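In: Give me the fold of what follows.
(2 chains)
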Amino acid sequence: ILNVEQSPQSLHVQEGDSTNFTCSFPSSNFYALHWYRWETAKSPEALFVMTLNGDEKKKGRISATLNTKEGYSYLYIKGSQPEDSATYLCAPYETSGSRLTFGEGTQLTVNP
Amino acid sequence: DGGITQSPKYLFRKEGQNVTLSCEQNLNHDAMYWYRQDPGQGLRLIYYSQIVNDFQKGDIAEGYSVSREKKESFPLTVTSAQKNPTAFYLCASKKKGYPAGELFFGEGSRLTVL
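Out: You can find the predicted model right below:
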């Protein structure tokens, strides 16, 4: 089983704070790194899919970076809002097996 | 609208009974996946299928079975051999052979064993 680690497990921030989470994964057999946001009572939705070392993607106040050589990705949220409250999941896509293995997620709560 | 439909949303089962969770997609995706979530844990892969009439075991396949007779459908059967079946089950699909393609998820099925 691929070892995917996310930290922290949970995070409480105040509205307006900026925050970041980490996803670490084995760098061998790596092809792509997926980030998903999972809000309560909804289905997980894709935020980013990154493939290249040094890749950086941005969607509004949320951005992500990727280091494939050392096997980690950071997700940043600038100026957190209550609607950002969700569980953020990362999943590397392996070249062998064609599957995604999810980390346990980071549960973010943004207090107004 | 294209999407993934899971049913039922909630299901109660007595111990010793098999139950089947339905997953249908109209996104024309070849690859389909079943994940399980337990409280405080991430999504764990049960089974996945890259093409019709073919599927592979994931990390926690014991006590589960699947079929893939049609591209659109990937039902999951939770058998009586599954020791801790109470969980939330998510079905997902993506384009085959496109690792950078995102997963699309259904709304999930919550199974409770009484």
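
In: Next to chain B, which bits of chain A? Give me the list.
Out: A:1, A:4, A:6, A:31-32, A:34, A:36, A:42-46, A:49, A:51, A:89, A:91, A:93, A:95, A:97-105 (C-beta under 8 Å from any C-beta of the partner chain). C-beta: built from backbone N, CA, C; applies to glycine.

In: Could you rerun that using 6 Å?
Out: With C-beta under 6 Å from any C-beta of the partner chain as the criterion, chain A meets chain B at residues A:1, A:31-32, A:43-44, A:46, A:49, A:51, A:93, A:98-99, A:102-105.

In: Quick one: buried ones out of those residues?
Out: A:32, A:43, A:44, A:46, A:49, A:93, A:98, A:99, A:102, A:103, A:104, A:105 (16 or more other C-beta atoms under 10 Å in any protein chain shown).

In: Which residues are in contact with the second one?
Out: Translated: residue A:43. B:105, B:107 (C-beta atoms under 6 Å, 6 or more residues apart in numbering or on different chains).

In: at 7 Å instead, please
Out: B:105, B:106, B:107 (C-beta atoms under 7 Å, 6 or more residues apart in numbering or on different chains).

In: The first one: neighbouring residues, count only.
Out: Right, residue B:105. 23 (other C-beta atoms under 10 Å in any protein chain shown).

In: For it, which non-adjacent residue is closest in space?
Out: residue A:43 (4.1 Å; C-beta to C-beta, 6 or more residues apart in numbering or on different chains).

In: phi, psi of residue A:84?
Out: phi -80, psi -10 (degrees, to the nearest 10).

In: number of nearby residues for it?
Out: Counted with other C-beta under 10 Å, the neighbours of residue A:84 add up to 20.

In: Please report the distance of it from chain B.
Out: From residue A:84 over to chain B the distance is 19 Å, taken as C-beta to the nearest C-beta, to the nearest Å.

In: Can you check what pLDDT the model gives that residue?
Out: Per-residue confidence at residue A:84 stands at 97 (pLDDT).

In: Which residues does residue B:7 form beta bridges with?
Out: Beta-bridge pairing of residue B:7 under DSSP bridges involves residue B:22.

In: Kindly report the same for residue A:34.
Out: Note on residue A:34: beta-bridge partners residue A:49, residue A:91, judged by DSSP bridges.

In: what sits against the residue minimising distance to the centre of chain B?
Out: A centroid search over chain B (C-alpha atoms, centre = their mean) returns residue B:34, at 2.9 Å, as the residue closest to the centre. Taking C-beta under 7 Å, 6+ apart as the contact definition, residue B:34 lies against B:46, B:47, B:66, B:76, B:89, B:91.

In: again, 10 Å this time
Out: B:6, B:21, B:23, B:43-49, B:55, B:58, B:60-61, B:64, B:66, B:74-76, B:89-92, B:106 (C-beta atoms under 10 Å, 6 or more residues apart in numbering or on different chains).

In: I'm done for today, thanks for sticking with me.
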